[in-house]
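Undergrad: Test case, fold it:
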Amino acid sequence: MTKRNKIIYWVATIWVALAMLASGLQQIFHMKGFVDILTHLGYPMYFMTILGIWKILGVVALLIPKYPLLKEWAYAGFFFAMSGAGFSHIASGDSIQDIAPSLTLLILTVISWYFRPEDRKISSMNQ
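TA: You can find the predicted model right below:
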């Protein structure tokens, strides 16, 4: 892995981890901003707690060494959560300013996944 790719990976991963940790904590504790957003999008409040717990567990999975299969699940979960958030905002007729945070995190998640080091990838059984 080149130095450039390593920097891209860690910058994207740190941003994803910080954003998911912050939003996960806010969702677990039902902070007003997130309550307003989920209410506007039509989701039940218990969904916030589930998403918050999953996000925090996903951050742990991304940052701990080893466990590449667990990392793949975390990336998939972040991808589904952020693409779902983006589409929910679009379906609700929200502006680009409301859609941008989830799409930005979606892009950063894909960048982090794409540039992850070899030891964080699932190796093929046929090698």
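Undergrad: what does stretch 3-11 contact?
TA: Here stretch 3-11 makes contact (Cβ atoms under 8 Å, 6 or more residues apart in numbering) with 1, 111-112, 115-117. (Each C-beta comes from the backbone N, C-alpha and C, glycine too.)
Undergrad: Could I get the full set of helices for the protein?
TA: Remark: helices assigned in the chain by DSSP state H are 3-28, 32-41, 46-63, 68-91, 96-114.
Undergrad: Show me the least confident stretch of these, going by mean pLDDT.
TA: Ranked by mean pLDDT, the helices of the chain end with helix 32-41 at the bottom, a mean of 93.
Undergrad: which ones are touching the residue nearest in space to the middle of the chain?
TA: In the chain, the residue lying closest to the centroid (Cα atoms, centre = their mean) is Phe78, at 3.2 Å. If a contact means Cβ under 8 Å, 6+ apart, then Phe78 has 16, 20, 55, 58, 105, 109 as its contacts.
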